[in-house]
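A.B. asks: Structure of the sequence below:
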Amino acid sequence: MKLKLFLKNHASLSLALASLMIFSLFGTISVIQSQKYYYRIHRPAEQLSDISFESEGDKIVELSGIETNADETVLTLKSVQPGSGRIHVKYTITRGTYTNTITETTYVNVLKAGLIFARKDGFDYAGFNTTYWGLTTIFGLAAFFFIWLRKEYQKDAYYSFRSIACCASILLFSILFLIYLAAGLSTLILPYVQTAKLLIVITKNLMLAYSLLTIPFVVVFAIALAISNVKLIRHEGKRLANMLGIGIAVALAVGTAVNVMLFFAAYRTHSVAFTVTYAVYSAGFAIFQVLLIGSIITCLQAAYHKVPYDKDYIIILGCAIRKDGTLFPLIRGRVDRAVDFWNKQYQATGKKAVFVPSGGQGDDEIIAEAKAMEQYLLEQGIPQELILAEDKSTTTHENMKFSKELIDARTENASIAYSTTNYHVFRSGLLAQEVGVKADGIGARTKWYFWPNAMIREVVGVFSRQSVSQWLFIIGLILLSGLAGYAYTLIY
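C.D. replies: Below you'll find the model as predicted:
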């Protein structure tokens, strides 16, 4: 139980420690393996003859054995002393009447611990596969850890930014694990690609690979946003808020295109500036994507979350009403959803919840939104004694705060639900928790063309409320990617 509590309260530290333990294990094995180096000649054994090896300058490595098989010949080198220098491998190829003598030169570096690193077809060492599978294991562990962590967080607080962060982490680490797994399996099928360069190249381009794998989502999502926004603008007018979805769709499409262009620019020019810029941009864009997708998944899950039939009160969040005091379809949908839940709970358990219509009077409204909703509830046959109107609030935050004060004055430890439009459920839950209201959200349907743009607005609203430390953490990850890009330029 104490371990479970520690994992929940110190998630990042727990994952870091577990990753360190796994990497230490695989790293130790990799160090032992790297005491030797396997120089591979990718030629069938029957074509090779007169294989020789010599070390230039100080003898830092020596040949300890030659192994041949159908596809390649492997020279096993072992360290003699620390240092660096060139080695030369000479062999003759014979194919029919064709004969050719080839000399290959490779730069080798031997560390004090006896580890051998070579620059053959890129940066290479014998413990590469072990390191590779260690990283693959860490990515897989991280994905499963965040799946577990998200379930645990939702038991305590169903509506929290931690749910979004966990969902985004699940997406990111799952895809990274699958990319590494697929590449690792390819080295088993095609042994001649077993080089540390594969690890470096894959790591460098992980975020680009993620972005490319999400292209189907980007295309579908961008088209859906554009279509819904065009419909929304026709019905609601050309307002900046109504064009947010189109802006996100364009950002996703352009962002993916820029990512690909930066990749080719870095690849062709080998420029430090392009490589670092590409690394920073691809990481930032990938984080933006996973957070966006994670937010949408979490908001959808919140909107269709099954609420238990044990509620004492149902808060109905207000919004604009007509000039004559009657309800627009949007706010009427919230009240109807609350009544529908009330009826289902009564049929299932016999429990009668009290309605708390919440909303003050706007400058252009003749009565408070709460009073307009109260009148509508009475028209639906709800008894007056089951209605507790809160008519002072002007924001969702105040809806929750003032409604809680009314409820606490009547009932201790009340079980509460709140009814709002489906796209608004998650952010309302966040605001409820800020004022100490532990409640379940009930989502009312809205018009199909209104939902995508409204959902994006809610996601923007969620992110605008995050702390500076959370944004600094994200910026730190992006800068770390830039540092990795710079390290790549030093190796190659």
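
A.B. asks: Distance from stretch 376-390 to the middle of the chain?
C.D. replies: Mean-position distance between stretch 376-390 and its chain equals 44 Å (C-alpha atoms, centre = their mean, to the nearest Å).

A.B. asks: Give me the buried positions along it.
C.D. replies: Within stretch 376-390, the residues scored as buried using 16 or more other C-beta atoms under 10 Å are 376, 377, 382, 387, 388, 389, 390. Where C-beta positions appear, they are placed from N, C-alpha and C, glycine not excepted.

A.B. asks: Just name the closest of the residues you listed to residue 271, please.
C.D. replies: Ranked by distance to residue 271 (C-beta to C-beta), the buried residues of stretch 376-390 are led by residue 390 at 61.4 Å.

A.B. asks: Quick check: closest non-adjacent residue to residue 142.
C.D. replies: Nearest residue to residue 142, sequence neighbours excluded (C-beta to C-beta, 6 or more residues apart in numbering): residue 173, at 4.2 Å.

A.B. asks: now residue 435
C.D. replies: In space, residue 435 is closest to residue 401, 4.3 Å off (C-beta to C-beta, 6+ apart).

A.B. asks: ok, how many other residues are close to that neighbour?
C.D. replies: When neighbours are defined as other C-beta atoms under 10 Å, residue 401 has 20 of them.

A.B. asks: do the same with residue 284
C.D. replies: Neighbours around residue 284, by other C-beta under 10 Å: 20.

A.B. asks: That one - nearest residue in space that isn't next to it in sequence?
C.D. replies: That would be residue 478: by C-beta to C-beta, 6+ apart, it lies 4.7 Å from residue 284.

A.B. asks: wait, that neighbour sits on residue 282?
C.D. replies: No. Applying C-beta atoms under 8 Å as the test, residue 478 and residue 282 come out as separate, 9.5 Å apart.

A.B. asks: neighbour count winner among the two?
C.D. replies: Just comparing residue 478 and residue 282: by other C-beta under 10 Å the higher neighbour count belongs to residue 282, 29 against 19.

A.B. asks: helices or strands up against the host helix or strand of the more buried one?
C.D. replies: With secondary structure defined by DSSP states H and E, residue 282 is part of helix 272-303. Using 3 or more C-beta pairs under 8 Å, 6 or more residues apart in numbering; DSSP states H and E as the contact test, the elements touching helix 272-303 are helix 161-189, helix 206-213, helix 244-269, helix 425-434, strand 439-444, helix 451-464, helix 468-491.

A.B. asks: Give me the average confidence score over the second one.
C.D. replies: For helix 206-213, mean pLDDT is 71.

A.B. asks: Could you list every helix and strand in contact with it?
C.D. replies: helix 161-189, helix 244-269, helix 272-303.

A.B. asks: and the second one with helix 451-464, angle?
C.D. replies: This means helix 244-269. 70 degrees (axes from the mean of the first three to the mean of the last three C-alpha atoms, to 10 degrees).

A.B. asks: buried set for helix 244-269?
C.D. replies: Those buried within helix 244-269 under the rule 16+ other C-beta under 10 Å are 244-246, 248-249, 252-253, 255-256, 259, 262-263, 266.

A.B. asks: Return the distance of that helix from the chain's centre.
C.D. replies: 18 Å.

A.B. asks: Which helix or strand contains the nearest residue to residue 61 once chain neighbours are set aside?
C.D. replies: Excluding the flanking residues, the one nearest residue 61 by C-beta to C-beta, 6+ apart is residue 77, at 4.5 Å. Applying DSSP H and E as the criterion places residue 77 in strand 73-79.

A.B. asks: For that strand, give the mean pLDDT please.
C.D. replies: Mean predicted lDDT for strand 73-79 stands at 86.

A.B. asks: With stretch 441-448 instead?
C.D. replies: Rounded mean pLDDT across stretch 441-448 is 85.
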